[in-house]
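Peer 1: task: produce atomic coordinates for the following.
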Amino acid sequence: MNNTSSNSVFAATRAPNPGWLCRAESEPVLEPELSIIDSHMHLWEHKTGYTYFVKEFAEDVATCGHKIDSTVFIECRSMYRSRGPEHIKSVGETEFASGMAAIAASGIYTSCRVADAIVGFADLTSGEKLRETIEAHMSVANGRFRGIRQGAKWDADRTIKGSLPNARPGLYLDPSFAIGLEMLTAMGLSFDASVFHPQIQDVATLARAHPNTRIVVNHLGSPLGYATYESRRSEVRAAWLSSMRDLAQCPNVSVKLGGLLMCLGNFDFTQEKKPPDSVQLAELWRPYIEPCIELFGANRCMASSNFPVEKAGVPYGTLWNTFKRVTAGCSEYEKKMIFSGTARRFYNMD
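Peer 2: Numbering: from 1, shown residues only. Alright, predicted model coming up:
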């Protein structure tokens, strides 16, 4: 594995290399009958020309061997409307995701219920316009709309991938954000929080101030492992673990397991001759996944692929084998919750 991330920062929209992925070691599917809801995936036509629609995802599902029953689509700034009011443009993405869900439901490509739940984007600080935005999302989602994700990822080192162009320190602590979050909660919707590990405390503060809001932290709180954090892995993990321990005290907060290839840039295998196998990944991810299961409990943890982002670094089947290796010591009930039950309850999926 290449531990020098300065030349191989994991780009969130890097198109996967099919030839490189084909070099992955073939491995038996672990626990193939275990039902899975992929709680975090994207579909897009990226400006780089990288297309990942239902057909492409269905190919990954068909070849992985795991029992992927349904997925949660998470906003990724894709397919926004080109015209109309600015605060309504993001509704185009929900419209697109709902269309993808309808294509999947036809059964032509897959039996997996792709985008069975949809999480869109709205600016929770937008005041009076917010209700109109949310209602517009709901009106085009055909009953699938479940919540909002508004990322607050920000770091002083602007080379950190994932730092949003409009993000700023303390977004989740802004009084106008609190007003928007209360509106979201009153409308029966959930909130996906996306932060880097130094901002996990902001999520805890938010959760305590809004105990009735259902919050799920994406990507294990995104512990960083590249750029200015590259040589500070032990320090980062200690700070991350302390923050997650505090966050776990908030009963209204759940956590998504996954997204580590993106966050920990020095776990980027794309400079290697072949993709990692699930044994390698399990060894690297266990120190982050196991503590979350212990702290939050299986009923507040949900496994997630973060595909197609993670596809640049690992095949879909290998990723799910990795989760199954890390959770091998869990009870059958705990596995059921981690792989499907928690997501089903959190996103109100039938």
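
Peer 1: contacts for stretch 335-344?
Peer 2: Contact partners of stretch 335-344, identified using Cβ atoms under 8 Å, 6 or more residues apart in numbering, comprise 31, 34-37, 39, 69, 72, 254, 257, 293, 298-303, 323, 327, 330, 349. Every C-beta, even on glycine, is put in place using the N, C-alpha and C of the backbone.

Peer 1: list only those of the residues you listed flagged as buried.
Peer 2: 31, 34, 36-37, 39, 69, 72, 254, 257, 293, 298-303, 323, 327, 330, 349 (16 or more other Cβ atoms under 10 Å).

Peer 1: so which residues of the stretch 51-200 of the chain form strands?
Peer 2: Under the criterion DSSP state E, counting those that start in this stretch, the stretch 51-200 of the chain contains strands at 51-52, 67-74, 113-120, 145-149, 190-193.

Peer 1: tell me how far the second one is from the chain's mean position?
Peer 2: Using Cα atoms, centre = their mean, to the nearest Å, the mean C-alpha position of strand 67-74 is found 12 Å from that of the whole chain.

Peer 1: next, the angle strand 145-149 makes with it.
Peer 2: 60 degrees (axes from the mean of the first three to the mean of the last three Cα atoms, to 10 degrees).

Peer 1: show me the contact partners of strand 67-74.
Peer 2: Identification of contacts with strand 67-74 by Cβ under 8 Å, 6+ apart yields 32-43, 57, 61, 97, 100-101, 112-119, 146, 149, 192, 218, 304, 340, 343, 347, 349.

Peer 1: any quick PyMOL command for the buried ones out of the residues you listed?
Peer 2: The PyMOL selection below is limited to those of the contacts of strand 67-74 classed as buried (16+ other Cβ under 10 Å):
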select buried, resi 34+36+37+38+39+40+41+42+43+57+61+97+100+101+112+113+114+115+116+117+118+119+146+149+192+218+304+340+343+347+349
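
Peer 1: export the strands of the stretch 51-200 of the chain to CSV and tack on distance to Ala105 and mean pLDDT?
Peer 2: Converted to CSV, those look like this (distance: least, Cβ to Cβ, whole Å; pLDDT from 0 to 100):
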stretch, distance to Ala105, mean pLDDT
strand 51-52, 18, 96
strand 67-74, 11, 99
strand 113-120, 7, 99
strand 145-149, 16, 99
strand 190-193, 23, 99
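
Peer 1: what's the helix or strand for the residue most central in space within the chain?
Peer 2: Computing the C-alpha centroid of the chain and ranking residues by Cα atoms, centre = their mean puts His40 first, at 4.2 Å. Using DSSP states H and E, His40 sits in strand 35-41.

Peer 1: packing partners for that strand?
Peer 2: strand 67-74, strand 301-303, helix 342-346 (3 or more Cβ pairs under 8 Å, 6 or more residues apart in numbering; DSSP states H and E).

Peer 1: quick one, which of those gets closest to Arg214.
Peer 2: Nearest to Arg214 among those is helix 342-346 (6.4 Å), distances taken as Cβ to Cβ.

Peer 1: got the buried residues for the closest one?
Peer 2: When neighbours are counted by 16+ other Cβ under 10 Å, the buried residues of helix 342-346 are found to be Thr342, Ala343, Arg344, Phe346.
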